[in-house]
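A.B. asks: Sharing a sequence plus its predicted fold:
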Amino acid sequence: MPSLLVTLRDLLLLRRGPQDLPYSPVLLAIAALASLLVSQWAANVLLPQRQDQLISVIAALALHLGLLYLLLNALQRQARFVQTATASLCIDVVFTTAMLPGLLVVQPLLSATGAPPPPEAITGVAFLASLLLIGLAIWRIVVDAHILRQTLEIRLMPALLINMALLFAGQIVLGALFGAAEGN
């Protein structure tokens, strides 16, 4: 277990790739369950009144894994799916957990209408939490692109573009299914 944590740390620091994780469908299932639980927790923080939260979180997870499998299958890299999906889901758990404190601070400022909060409502703590969330979101995109770069054996910029395309495709599908952008 400690070597798994070291590998995940190095993955977060862009020192290793998904190929350094063990090939383990059991580990993939554990990572999927952990991702589901943490994503559900974050959804409860952001949208406590939604009735279809669990369904949308499950759909987001299934869509994420499905798009990843389709990409790897289309590029003849389906043998790398288990390690790549495990890395992606473990990274999801780490970043979602790291973002939860910031989400708790910023959540009262979010309105159901999507209108920006009044300037007097934004405190220094909320501003710093927002900056932290933006920084974590950017780093997560970079780490996800690094995972794709290692898996597909391509340069970082094409991996970033592929990652962004997967994110946007997922958001479009989830928005069509549930009426709002959600998911991983």
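C.D. replies: Nice, I can see it.

A.B. asks: could you point out the longest helix in the protein?
C.D. replies: Looking across the chain with DSSP state H, the single longest helix is helix 124-152.

A.B. asks: In whichever helix or strand comes after that helix, which of the residues would be classed as buried?
C.D. replies: Heading C-terminal from helix 124-152, the first helix or strand you meet, by DSSP states H and E, is helix 156-178. Residues of helix 156-178 classed as buried: Ala159, Leu160, Ile162, Asn163, Leu166, Leu167, Gly170, Gln171, Val173, Leu174, Leu177, Phe178 (neighbour count, 16 or more other Cβ atoms under 10 Å). In short, each C-beta sits where N, CA and C put it, glycine included.

A.B. asks: Now do helix 156-178 against helix 124-152, angle only.
C.D. replies: Interaxial angle of helix 156-178 relative to helix 124-152 (axes from the mean of the first three to the mean of the last three Cα atoms, to 10 degrees): 110 degrees.

A.B. asks: Report the mean per-residue pLDDT for helix 156-178.
C.D. replies: The average pLDDT within helix 156-178 is 92.

A.B. asks: Which strands and helices lie in contact with that helix?
C.D. replies: Packing contacts for helix 156-178, counted by 3 or more Cβ pairs under 8 Å, 6 or more residues apart in numbering; DSSP states H and E, involve helix 53-74, helix 124-152.

A.B. asks: Need these in JSON lines (columns: mean neighbour count and distance to Gly17).
C.D. replies: As requested, the helices and strands packed on helix 156-178 are arranged in JSON lines below (neighbours: other Cβ atoms under 10 Å; distance: least, Cβ to Cβ, whole Å):
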{"stretch": "helix 53-74", "mean neighbour count": "17", "distance to Gly17": "14"}
{"stretch": "helix 124-152", "mean neighbour count": "17", "distance to Gly17": "3"}
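
A.B. asks: could I get those as CSV with distance to Val93?
C.D. replies: As requested, the helices and strands packed on helix 156-178 are exported to CSV (distance: least, Cβ to Cβ, whole Å):
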stretch, distance to Val93
helix 53-74, 11
helix 124-152, 11
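
A.B. asks: among these, which is nearest Leu13?
C.D. replies: The closest of the helices and strands packed on helix 156-178 to Leu13 is helix 124-152. By Cβ to Cβ, the value is 8.9 Å.

A.B. asks: What distance do you get for Thr7 to Asp144?
C.D. replies: When distance is defined by Cβ to Cβ, to the nearest Å, Thr7 is 16 Å away from Asp144.

A.B. asks: From the buried residues of helix 156-178, pick the one nearest Pro108.
C.D. replies: Set against Pro108, the nearest of the buried residues of helix 156-178 by Cβ to Cβ is Phe178 (23.1 Å).
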